[in-house]
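Peer 1: My questions concern the predicted model and sequence given below.
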Amino acid sequence: MISTLDKIHILIADDDDDDVVLFNEALAELKMDNKLTSFKDGNDLMDYLKNPEIKLPHILFLDLNMPCKTGHECLKEIRANPRFNDVSIAIYSTSSSEKDIENTFVEGANIYIKKPNDFSKVKKIIKDVVNMNWQYQSSGLNKETFFYSL
Amino acid sequence: MKLNYNYDGNIACRRILEDHLEKLNIEYQILDLGQIEILEDVPIPVFEELQTALNRYSIHIINNPKGQLIQQIKDAIVEIIYQKDKFPSTTISQYLSEKLNFRYGYLTNIFSEHTYTSIENFIIIQKIERAKKLILDEELSLTDISYELNYSSVAYLSTQFKKVTGLTPSMFKRIVDKRRKLSDKIA
């Protein structure tokens, strides 16, 4: 079960170190207490999640284009396992086609982020996503119909 | 066999509380807005048993006064959104201030400090949450839903829906339908 303590636990799987640095900067500006764990590819992430001892994260950020195992493959594997039902999954991608967005949500993502070119916008997006996710976990909103595309 | 159901979270919560309080022989009275009055001294082990039993349903007893006030604000908002006849004829700020006996400025400060969102934004999120349920129920048209939720127009509802979810109401409906079909296939 996900802890209801006020500390928010975030995972990110991304092979680009610059993205992870940016995440760290954005999260440092958040008012809420948080902890970020990063993985450099999909295999790494899935190995970690398979361990039954871990405390489940509140939110997982997945880059679609990763070596070894793509974000899509991770998404499908995670959503096939009810143990992760309460974990919000945020996908980020360079595609902004409505069809891609729709398919990603159908496959079980909760959040779809179109990667902006402007770095300053990335920080705001990360903050918006973590804040919105917090509302879903702290106010009894239905996670099954939680979709946020930005 | 697959069953469809609907539910009222408030009533469900009330019944759970009643069942558990009665099981532990605690004399109580359920008050408005997420409060129960315990009418006798309860031994600590019994109280702990109650807490453990309620935590299973994700019902938590709030021990600090600020947390209690924030929960009362949330409950008051949810109440007016889910019961149209309770929607205030005055502004929501005046309504909350009178109902909870605090200046609105104090309520907004304490609310945003602890929930990381504003009261205004919380109201929008809750209204869209109810809109989602009503869209999936398929009993009301989007125009009816905008009326039920006190929007001035259906266009305004659609704009807020897009702001909170990033999706149009019809895309939202399509995604949920496709997801359900997909899980039917797997099951």
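Peer 2: Noted; the coordinates are in hand. Residues are numbered from 1 along each chain as shown, chains lettered A, B, ... in the order given.
Peer 1: Which of the three states applies to the closest residue to residue A:9 other than its chain neighbours?
Peer 2: Leaving aside its sequence neighbours, residue A:9 sits nearest to residue A:57 (C-beta to C-beta, 6 or more residues apart in numbering or on different chains; 4.6 Å). To be clear about C-beta, it is placed using only N, CA and C from the backbone, and glycine gets the same treatment. What DSSP: H, G, I helix; E, B strand; the rest coil gives for residue A:57 is coil.
Peer 1: Quick check: residue A:57 touching residue A:7?
Peer 2: No - Residue A:57 is beyond contact range of residue A:7, at 11.1 Å (criterion: C-beta atoms under 8 Å).
Peer 1: Tell me which of the two has more neighbours.
Peer 2: More crowded of residue A:57 and residue A:7, by other C-beta atoms under 10 Å in any protein chain shown: residue A:57, with 23 against 10.
Peer 1: what's the spacing between that one and residue A:88?
Peer 2: 9 Å (C-beta to C-beta, to the nearest Å).
Peer 1: What parts of chain A come near chain B?
Peer 2: Proximity of chain A to chain B (C-beta under 8 Å from any C-beta of the partner chain) is limited to residues A:4, A:31-32, A:80, A:98, A:102, A:105-108, A:112, A:131, A:134-135, A:138-142, A:145, A:147-150.
Peer 1: In helices, which of the residues you listed appear?
Peer 2: Residues of the residues of chain A next to chain B located in helices (DSSP state H): A:98, A:102, A:105, A:106, A:131, A:134, A:135, A:138.
Peer 1: residues in contact with the fourth one?
Peer 2: Shown here is residue A:106, whose contacts under the criterion C-beta atoms under 8 Å, 6 or more residues apart in numbering or on different chains are B:175, B:178, B:179, B:182.
Peer 1: List only those of these flagged as buried.
Peer 2: Among the contacts of residue A:106, those scoring as buried are B:175, B:179 (criterion: 16 or more other C-beta atoms under 10 Å in any protein chain shown).
Peer 1: Output the contacts of residue A:106 as CSV; include the columns distance to residue B:7.
Peer 2: Compiled in CSV, these are given as follows (distance: C-beta to C-beta, whole Å):
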residue, distance to residue B:7
B:175, 22
B:178, 24
B:179, 20
B:182, 23
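Peer 1: From the contacts of residue A:106, which land in helices?
Peer 2: Judged by DSSP H, the contacts of residue A:106 include B:175, B:178, B:179, B:182 as members of helices.
Peer 1: Mind picking the two most distant members of these?
Peer 2: B:175 and B:182 (10.5 Å; C-beta to C-beta).
Peer 1: Show me what the residue of chain A found nearest chain B is bridged to.
Peer 2: In chain A, the residue that lies nearest chain B is residue A:149 (3.0 Å; C-beta to the nearest C-beta). Listed by DSSP bridges, the beta-bridge partners for residue A:149 are residue A:112.
Peer 1: and it, how many neighbours?
Peer 2: Residue A:149 has 21 neighbours, counted by other C-beta under 10 Å.
Peer 1: Point out where chain B drops to low pLDDT.
Peer 2: Along chain B, segments meeting pLDDT under 70 span B:33, B:186-187.
Peer 1: cool, and chain A?
Peer 2: In chain A, residues with pLDDT under 70: A:1-6.
Peer 1: hmm, stretch B:93-109 touching chain A?
Peer 2: No - residues of stretch B:93-109 contacting chain A under C-beta under 8 Å from any C-beta: none, with a closest distance of 13.5 Å.
Peer 1: what does that stretch contact?
Peer 2: Taking C-beta under 8 Å, 6+ apart as the rule, stretch B:93-109 contacts B:69, B:72, B:73, B:76, B:77, B:80, B:88, B:118, B:119.
Peer 1: again, 10 Å this time
Peer 2: Stretch B:93-109 is contacted from outside by B:32-33, B:69-70, B:72-73, B:76-77, B:79-80, B:86-92, B:110-111, B:118-120, B:123, using C-beta atoms under 10 Å, 6 or more residues apart in numbering or on different chains.
Peer 1: How far off centre is that stretch?
Peer 2: 19 Å (C-alpha atoms, centre = their mean, to the nearest Å).
Peer 1: Distance of residue B:164 relative to chain A?
Peer 2: 8 Å (C-beta to the nearest C-beta, to the nearest Å).
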